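Peer 1: Okay, sequence plus prediction incoming.
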Amino acid sequence: MPTLQPANIERVYAAYGGVFVVMSILWGWKIDGNSTDRFDIIGSIVVLVGVAIIMYWPRN
């Protein structure tokens, strides 16, 4: 079923998801005072690497 989404909407969703994850960790740390541990940092790096792959990997 065709949708009204532009052709590269998956890249927009990937960027939004990456920003959401990183900003939620930063919000919890700075605003709520929750301490981040190494798994929070590792997870956010994994997310950002995934976003970079989706956004910048060469397409055919």
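Peer 2: Received, thanks.

Peer 1: and residue 43, how far is that from residue 49?
Peer 2: To residue 49, residue 43 is 11 Å away according to Cβ to Cβ, to the nearest Å. For every residue, glycine as well, the C-beta is placed using N, CA and C.

Peer 1: make that residue 21, sorry
Peer 2: The gap separating residue 21 from residue 49 is 12 Å, by Cβ to Cβ.

Peer 1: Find me the pLDDT at the residue nearest the centre of the chain, would you?
Peer 2: Centroid-nearest residue in the chain, with Cα atoms, centre = their mean: residue 18, separated by 0.9 Å. pLDDT for residue 18: 91.

Peer 1: List the buried residues in the helix or strand containing it.
Peer 2: Here residue 18, judged by DSSP states H and E, is contained in helix 9-30. For helix 9-30, a neighbour-count test (16 or more other Cβ atoms under 10 Å) marks 14, 18, 21, 22, 25 as buried.

Peer 1: follow-up on the earlier one: what number of residues lie near the closest residue to the residue nearest to the centre of the chain other than its chain neighbours?
Peer 2: Take residue 18 and drop its neighbours on the chain: the residue closest to it by Cβ to Cβ, 6 or more residues apart in numbering is residue 51, 3.6 Å away. By the measure other Cβ atoms under 10 Å, the count of residues near residue 51 is 20.
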